[in-house]
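Asks: Next input, structure requested:
(one chain, ligands or ions: 1)
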Amino acid sequence: MKRPYNFSAGPATLPPEVLQQAADEMLDWHGSGMSVMEMSHRGREFMSIRDQAETDLRELLAVPPQFKVLFMQGGGLAENAIVPMNLSRGGQADFVVTGSWSQKSYKEAKRYCDSAVAASNEADDHTSLPAPASWQLRPQAAYVHLCTNETIHGVEFSELPDLKGLGSDAALVIDCSSHIATRSIDWSRVGLAFAGAQKNIGPAGLTLVIVREDLLGHALPVCPSAFDYKTVADNQSMYNTPPTYAIYLAGLVFQWLKRQGGVAAMEQRNIAKATLLYDYIDASGFYRNTVAPAARSRMNLPFFLPDDSHNEAFLAGAKERGLLQLKGHKSVGGMRASLYNAMPLEGVQALVDYMREFAARHG
Ligand code: PMP
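Replies: The predicted structure follows:
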């Protein structure tokens with residue numbers, strides 16, 4: 001069966017091989033007589049699935065030993081509260097606001113600490129990235145929060161800031177929900193990374209948190225025990241029942257990523273896919289992407305037709321050709337193509353072919 005190409009921003013397309021493997025193992029996982037969904041989270045079978053998933057993730061992302069990998073729930077939005085509850089000590093946290101997601105993080109943190117905007121790209125409608133040298137970092141801030149890929153506005157940091165080099169002792173917190181495992185992470189610059197799974201990792205319901213050990217153990221008294229990173233870490237993410245099936249599926253995706261050659265190989269493919277689409281858009285004289293070239297996301301590409309009245313026809317024609325979920329986020333409008341790890345180059349080529357044909361008819 002040829003499946004359509006799904007450009008959703010998340011929950012998003014998954015590798016067909018992974019879905020097939022999950023289907024094959026659905027009723028009886030490895031002769032256990034159980035579906036993964038039916039296993040005790042503390043049983044030998046599930047513990048082996050969890051341990052393998054962590055081992056593979058550590059290998060894929062080259063996570064240093066002094067970082068804990070936590071399998072949590074609540075998504076990126078819950079992390080917007082869980083991070084300040086664990087890291088702020090009720091003091092200060094600085095936010096670099098580059099789009100809707102970091103804006104939400106900044107506002108939510110206000111409930112738990114003194115949060116401030118260190119830099120913002122709001123003046124240009126979130127189409128650029130403020131240079132780190134211009135950030136107003138407060139010396140007492142416990143952490144600095146960045147969303148390293150803004151899923152809605154399509155801006156992505158291609159390099160993490162060196163906070164020490166900027167004279168700050170704060171921990172860097174990155175929301176990498178929409179580009180985790182699509183490029184390497186320089187852990188020497190990071191204190192904590194979090195990511196909802198539903199874009200590049202697996203199904204919704206699982207949130208990955210990768211946190212440096214020395215940041216654990218300082219949760220505010222108000223922090224729920226199940227969201228205290230130290231409690232979660234001390235219990236191998238089994239303090240509460242974790243999202244077992246989502247962890248299993250993420251583990252299958254990690255194995256798939258290893259078979260593809262790992263994150264470095266995926267990064268090269270992601271560059272090729274994004275270049276194909278941006279180059280076509282820029283040369284088309286019909287479609288527009290308004291993000292500054294240096295800030296353009298490889299994952300989420302918002303683009304506009306010359307006239308919004310063509311949007312419905314564009315989406316209908318795309319659907320007919322098996323190109324799904326291209327409608328832009330309502331706050332930005334237009335279209336958005338999300339090119340996560342599981343989107344093959346052929347899918348992007350099919351999109352470009354369709355866009356060319358549509359432009360020829362309507363240009
Ligand atoms: N951060 C980013 C970068 C996101 O893209 C999203 C979801 N699209 C979120 C946070 C929120 O995630 P969730 O809905 O899982 O809470």
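Asks: going forward, measure contacts between C-alpha atoms and count neighbours the same way
Replies: OK.
Asks: Now do the same for the closest residue to residue 25 other than its chain neighbours: its pLDDT.
Replies: Nearest residue to residue 25, sequence neighbours excluded (CA to CA, 6 or more residues apart in numbering): residue 35, at 7.1 Å. If you check residue 35, the pLDDT there is 98.
Asks: Please tell me how far residue 35 sits from residue 44.
Replies: Per CA to CA, to the nearest Å, residue 35 is found 14 Å from residue 44.
Asks: who has more neighbours, these two?
Replies: Regarding residue 35 and residue 44, a neighbour count based on other CA atoms under 10 Å identifies residue 35 as having more, with 16 against 11.
Asks: which strands and helices sit next to the longest helix along the chain?
Replies: Taking DSSP state H as the criterion, the chain has its longest helix at helix 262-284. On a contact count with 3 or more CA pairs under 8 Å, 6 or more residues apart in numbering; DSSP states H and E, helix 262-284 meets helix 44-61, helix 345-362.
Asks: Could you check how far residue 126 is from residue 287?
Replies: Distance from residue 126 to residue 287, by CA to CA: 19 Å.
Asks: Ok, residue 241 next?
Replies: 47 Å.
Asks: show me where the stretch 151-300 of the chain has helices.
Replies: Counting by DSSP state H, counting those that start in this stretch, the stretch 151-300 of the chain has helices at residues 229-234, 244-259, 262-284.
Asks: circling back to that earlier point, which ones are touching the residue nearest to residue 25?
Replies: With contact taken as CA atoms under 8 Å, 6 or more residues apart in numbering, residue 35 is in contact with 25, 26, 27, 28, 29.
Asks: which SSE is the third one in?
Replies: The reference is to residue 27. Under DSSP states H and E, no helix or strand contains residue 27.
Asks: follow-up on the earlier one: of the helices of the stretch 151-300 of the chain, which approaches the ligand most closely?
Replies: helix 244-259 (13.1 Å; CA to the nearest ligand atom).
Asks: what's that closest one packed up against?
Replies: Using 3+ CA pairs under 8 Å, 6+ apart: helix 244-259 touches helix 16-24, helix 44-61.
Asks: Buried deepest among the ones you listed, which one?
Replies: Ranked by mean neighbour count, these are led by helix 44-61 with a mean of 18 (mean count of other CA atoms under 10 Å).
Asks: Since that was my last question, I'll sign off now.
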